[in-house]
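# Sequence first, then the predicted structure, then my questions.
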Amino acid sequence: MNKVKIVIAGPRGRMGKEAVYLMGRTENFELVAVLDHKNEGKSLKEIEGFASYDVPVYTDIEKCLQTEKPDVLIDLTTPEFGMHHAKTALSYGVRPVVGTTGFTKENLAELEKLCEEMNRGCIIAPNFALGAVLMMKFSKMAARYFADVEIMEMHHDQKLDAPSGTAVKTAELIAEVRESKKQGHPDEKETIPGARGADFDGMRIHSTRLPGLIAHQQVMFGSDGESLTIRHDSYNRASFMSGVKFAVEEVLKVNVLIYGLENIME
Ligand code: NAP
């Protein structure tokens, strides 16, 4: 069987580094190049932490795709570059697997159209941790019976977007089954703006940012005399890699945009 040829964008980042190591230990994956915005022309092995990875570093995505002809591009950068990378990859017939968070609805619509035009798959996964995907699925199940819910997401303080992609995705899934409802007292007032968190269809999302945290989320449902809490914790970035591997394998089988691994997990 031919190996899947892969380019990783953002290899020096915390997620990107783990993704490079995933390539090293996965037999049917072949890392053919990395895309960085620094280090043009170097080999990845010249960069600290990658001594055993002798693959070229590109700063120009078009040059990289034309030369290396990968099957899949994994993006773990920033929303701005992630969108540019995903669009360019699709235009070359390369399937993107995007872990970068912060994509807008307009971004998703544009990529969906491009997938159709190019007849190629693209997977955008706001959370690669399979346990987190199950947390989202269980939350959707619970929301049928509990209309009052607050989402609390907690991340490290270097995270650029808030609320997290996972929190937004959880709220979207809940909204599919929960009757639209403005929660809390009808006359409640915030004495400090933002005290009640972000409003998503009447439910609230709270974002905590602290050093030491990785990625954590608690979905709390309340009803008369009872509450139900569904919680997931990622303790390190390796926790995301089983989802990256799964997404790479799945993106080769589809020709549409998939937003969220829950849509392809049985
Ligand atoms: P990070 O450590 O800041 O890494 C981002 C990397 O991207 C940095 O090395 C940065 O380089 C590089 N970069 C920026 N622009 C680039 C470009 N144009 N081309 C190539 N590389 C570029 O962040 P992280 O924690 O790894 O997270 C990366 C993304 O994944 C974020 O959007 C984060 O929210 C998301 N994330 C997703 C999951 C998931 O499960 N889906 C989990 C965790 C994080 P410089 O340092 O030189 O700027």
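Perfect, thanks for sending it.
# And the helices in the protein?
With DSSP state H as the criterion, the chain has helices at 14-25, 61-68, 79-91, 105-118, 130-143, 165-177, 241-251.
# For the second one, give me every contacting residue.
The list of residues contacting helix 61-68 from outside it, by CB atoms under 8 Å, 6 or more residues apart in numbering, reads 5, 7, 9, 32-33, 35, 56, 58, 73, 84-85, 88-89, 92, 94. For every residue, glycine as well, the C-beta is placed using N, CA and C.
# circling back to that earlier point, mind putting the helices of the chain in a markdown table, mean neighbour count, distance to the ligand and mean pLDDT included?
Listed next are the helices of the chain as a markdown table, based on neighbours: other CB atoms under 10 Å; distance: least, CB to the nearest ligand atom, whole Å; pLDDT from 0 to 100:
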| stretch | mean neighbour count | distance to the ligand | mean pLDDT |
| --- | --- | --- | --- |
| helix 14-25 | 19 | 3 | 96 |
| helix 61-68 | 17 | 8 | 98 |
| helix 79-91 | 20 | 4 | 97 |
| helix 105-118 | 14 | 13 | 97 |
| helix 130-143 | 20 | 7 | 95 |
| helix 165-177 | 21 | 7 | 94 |
| helix 241-251 | 20 | 6 | 97 |
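# For these, give me TSV that also has distance to Asp157.
Shown next, in TSV, are the helices of the chain (distance: least, CB to CB, whole Å):
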stretch	distance to Asp157
helix 14-25	13
helix 61-68	30
helix 79-91	18
helix 105-118	25
helix 130-143	20
helix 165-177	16
helix 241-251	23
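# one step back: please list only the buried members of the contacts of helix 61-68.
Using 16 or more other CB atoms under 10 Å as the burial test, those include 5, 7, 9, 32-33, 35, 56, 58, 73, 85, 88-89, 92, 94 as buried.
# returning to what we had before: mind checking which of the helices of the chain is nearest Phe200?
Ranking these by proximity to Phe200 (CB to CB) places helix 165-177 first, at 4.2 Å.
# list the helices and strands the closest one packs on?
helix 130-143, strand 148-155, strand 198-200, strand 203-209, strand 215-223 (3 or more CB pairs under 8 Å, 6 or more residues apart in numbering; DSSP states H and E).
# now the longest one and strand 215-223, what's the angle there?
Per axes from the mean of the first three to the mean of the last three CA atoms, to 10 degrees, the angle that helix 130-143 makes with strand 215-223 is 10 degrees.
# For helix 130-143, name the packing helices and strands.
Applying 3+ CB pairs under 8 Å, 6+ apart, we find helix 130-143 packed against strand 148-155, helix 165-177, strand 215-223, strand 226-234, helix 241-251.
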